[in-house]
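Engineer: Just to be clear, the model below is a prediction. Sequence and coordinates:
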Amino acid sequence: MKLCVMRCLKTFTHGELKLFGTGNELRDWIHVGDAARLLCSAACVPQARFNIYNGGYEQATTCHVLAQLANAFGKQIQPIYASEAHNDNPHRMRSDCGHARRQLARAPQVTLEDGILYVAWFKECAGLAGSCL
């Protein structure tokens, strides 16, 4: 989410957001706090050393999240998509955190909606509170 917020800050400042794909691709998200907790949990379990854990929130969404981020930044921006699907880019990707839940008792806690609330905190830290960039 942080990388997404940083990219959006730069993009929203310049007023244009160009993206690959059609905009209908489904993806889920992971909050940086959830990612850190997952990594710490895996680091503390010796048998987890060579395992792969999925950490996304398990709720796929389209790129409408970018409009939500823009709105949180006080901007009205419509992303511009290349409108072509790539064979190497799956149309649908959604996490299954069952392995992490079973072995590490870890599941994501921060929803996408709650993660977007961090924009206000980010703006305050960046000295942008009260502005729309």
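Structural biologist: In hand now; what should we look at?
Engineer: Let me see the ranges of the helices in the protein.
Structural biologist: Applying DSSP state H to the chain gives helices spanning 2-14, 32-43, 64-72, 98-104, 112-116, 118-125.
Engineer: will you turn these into a markdown table that also has mean pLDDT and mean neighbour count?
Structural biologist: (Each C-beta comes from the backbone N, C-alpha and C, glycine too.) Below are those laid out as a markdown table (pLDDT from 0 to 100; neighbours: other Cβ atoms under 10 Å):
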| stretch | mean pLDDT | mean neighbour count |
| --- | --- | --- |
| helix 2-14 | 60 | 15 |
| helix 32-43 | 90 | 15 |
| helix 64-72 | 76 | 17 |
| helix 98-104 | 87 | 15 |
| helix 112-116 | 84 | 16 |
| helix 118-125 | 79 | 15 |
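Engineer: any chance of the ones you listed in CSV, plus distance to Ile80?
Structural biologist: Formatted as CSV, these follow (distance: least, Cβ to Cβ, whole Å):
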stretch, distance to Ile80
helix 2-14, 11
helix 32-43, 27
helix 64-72, 11
helix 98-104, 36
helix 112-116, 21
helix 118-125, 21
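Engineer: of all the ones you listed, which lies closest to Leu26?
Structural biologist: helix 64-72 (10.8 Å; Cβ to Cβ).
Engineer: And the closest residue to Ala82 other than its chain neighbours, its phi and psi?
Structural biologist: Among residues not flanking Ala82 along the chain, Phe20 sits closest, at 5.0 Å (Cβ to Cβ, 6 or more residues apart in numbering). The phi/psi pair for Phe20 (degrees, to the nearest 10) reads phi -80, psi 160.
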